[in-house]
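Peer 1: Need a 3D model of the sequence below.
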Amino acid sequence: LAGGTIVSPKGPIGGSTPASRLFFPELILGFIEEELQASYGPEQSAFDQMFAINNAITSEVWTQPVINTTAPQAQDARIIGQNSLPTNMISITASQSSKALGAVSIGLQVSHAAQRDATLDLVAIIVREQAMGQRMRHLWRDLNAVITGNVDAGETAITPTDFTDYDANAGAGEITHAGYLKMLWDPTRIYSWNMMFGSLESYLAIERRSGRPLAYDPNTGTVNVGNEGSYGLNPGNPTLINFATSTPRYLIVPDGVVPANQVVLMDTRYALMRVTNVAANYAATEEMLLQRSSMWRWDMSEFVCRFREDAIKVIDFSNASS
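Peer 2: Take a look at the predicted model:
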């Protein structure tokens, strides 16, 4: 009603506007779908950045391509004769096994009596809280399945690499600076470990790693262990030009998502794949006349799997044998 207002015939004195109490089905579907698709902070944003491929399909069944290669980046161009076939760089075939993408659903039911008292703002807050909790739980489950295995994807757990493989002198539960740099370095230059996730305790173990270079404090005259020189200088110290992963991003996850004393490294260019069945997206409303209530339903379907397992590395710094 352009230029007009809607007032309640039984509203309180003062002329309150009951426009927010109008439970049009289209309004409910619209704002709840917006809440379900919203991004809930840095965790969801970081999770979305972990995917090398986001694939959208229109089927409940997905056939995963299989990439057959024995050594990434190992094939070179070769001299070829007339009527000869070129050397294959890589082989990509369709998997013999397909994956089913099950749909998940969320519903809302509001009685007619409640509709007279509840507002759209109240419903929005409730749905936002539910949608945020659902998204975060799915996020942590998906990250846990990346390292512990996903039965639906036919994936087994990733075998952790002992931190002592990088520094045999590391103590129990300790991360050393020398081992940390070796952990991040890939001499083949195939992978660049630009993303990490683990518990807060694992992050603190990285932050307080032994042997970490500390600058000289000219104000107090204190020379810290691993300092960069008596005058705040370190003459002749080379500047690294091909160590781009010296500052990877770190996502803190709840305890239990990643086992204690473990941290996960990823190259997000190759690590994960997400498949979404857009045909499963569904929204509907129904009036339950005998129950005197209204019901809404939203369906969605997505599947997370490893794209290239070599681009994911689990480091265990328990160092139990130390």
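Peer 1: Verify the stated contact: E43 with L251.
Peer 2: Yes - between E43 and L251 a contact is recorded at 6.8 Å, counting by C-beta atoms under 8 Å. Using the backbone N, CA and C atoms, a C-beta is placed for each residue, glycine as well.
Peer 1: the more surrounded of the two?
Peer 2: Taking neighbours as other C-beta atoms under 10 Å, E43 and L251 compare with L251 leading, 21 against 18.
Peer 1: List the neighbouring strands of the helix or strand hosting that one plus their orientation.
Peer 2: Following DSSP states H and E, one finds L251 within strand 249-252. Applying DSSP bridges, strand 249-252 is found paired with strand 195-198 (parallel).
Peer 1: what about dumping the CA coordinates of the partner strand to PDB?
Peer 2: Extracted in PDB, the C-alpha atoms of strand 195-198 (Å, rounded to 0.1, in the frame of the first residue of the first chain):
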ATOM      1  CA  MET A 195      46.400 -22.800   5.600                       C
ATOM      2  CA  MET A 196      46.500 -24.500   8.900                       C
ATOM      3  CA  PHE A 197      43.900 -25.600  11.400                       C
ATOM      4  CA  GLY A 198      44.000 -27.100  14.900                       C
END
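Peer 1: For that strand, give me every contacting residue.
Peer 2: The list of residues contacting strand 195-198 from outside it, by C-beta atoms under 8 Å, 6 or more residues apart in numbering, reads 46, 49-50, 143, 248-253, 257-258, 262-268, 271.
Peer 1: And those, which of them are buried?
Peer 2: Buried residues within the contacts of strand 195-198, counting neighbours by 16 or more other C-beta atoms under 10 Å: 46, 50, 143, 248, 250-253, 257-258, 262-268, 271.
Peer 1: Leaving out chain neighbours, which residue sits closest to the most centrally placed residue in the chain?
Peer 2: Nearest to the geometric centre of the chain sits F47, at 2.1 Å (C-alpha atoms, centre = their mean). What sits nearest to F47 in space, not counting adjacent residues and going by C-beta to C-beta, 6 or more residues apart in numbering, is L139, at 5.2 Å.
Peer 1: Can you tell me the SS state at that neighbour?
Peer 2: The three-state label given to L139 by DSSP: H, G, I helix; E, B strand; the rest coil is helix.
Peer 1: For it, give its distance to P213.
Peer 2: 35 Å (C-beta to C-beta, to the nearest Å).
Peer 1: gap between the two ends of stretch 287-300?
Peer 2: End-to-end span of stretch 287-300 (C-alpha to C-alpha, to the nearest Å): 22 Å.
Peer 1: buried ones in it?
Peer 2: For stretch 287-300, the neighbour count (16+ other C-beta under 10 Å) marks 293-294, 296, 298, 300 as buried.
Peer 1: Just the ones of the residues you listed in strands?
Peer 2: When DSSP state E is applied, those are split such that 293-294, 296, 298, 300 fall in strands.
Peer 1: Output the residues you listed as a markdown table; include the columns pLDDT and distance to S105.
Peer 2: Shown next, in a markdown table, are those (pLDDT from 0 to 100; distance: C-beta to C-beta, whole Å):
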| residue | pLDDT | distance to S105 |
| --- | --- | --- |
| S293 | 81 | 18 |
| S294 | 79 | 17 |
| W296 | 76 | 11 |
| W298 | 76 | 7 |
| M300 | 78 | 8 |
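Peer 1: Helices of the stretch 101-250 of the chain, start to end?
Peer 2: Assigned by DSSP state H, counting those that start in this stretch, the helices in the stretch 101-250 of the chain fall at 112-115, 120-148, 177-184, 200-207.
Peer 1: Looking at the ones you listed, which is nearest to N54?
Peer 2: N54 sits nearest to helix 120-148 of all those, at 13.6 Å, using C-beta to C-beta.
Peer 1: ok and the closest one relative to strand 293-300, angle-wise?
Peer 2: Counting by axes from the mean of the first three to the mean of the last three C-alpha atoms, to 10 degrees, helix 120-148 lies at 30 degrees to strand 293-300.
Peer 1: Would you check how far apart the nearest residue to W296 once chain neighbours are set aside and Q134 are?
Peer 2: Closest residue in space to W296, ignoring its immediate chain neighbours: L108 at 4.4 Å, by C-beta to C-beta, 6+ apart. L108 is 13 Å from Q134, where distance means C-beta to C-beta.
Peer 1: More neighbours: which of these two?
Peer 2: L108 (17 against 13).
Peer 1: pretty sure the more buried one is in contact with E286, am I right?
Peer 2: No - with contacts counted by C-beta under 8 Å, L108 stays clear of E286, the gap being 11.0 Å.
Peer 1: list residues touching both of the two?
Peer 2: Taking C-beta under 8 Å, 6+ apart as the contact rule, L108 and E286 both touch 295-297.
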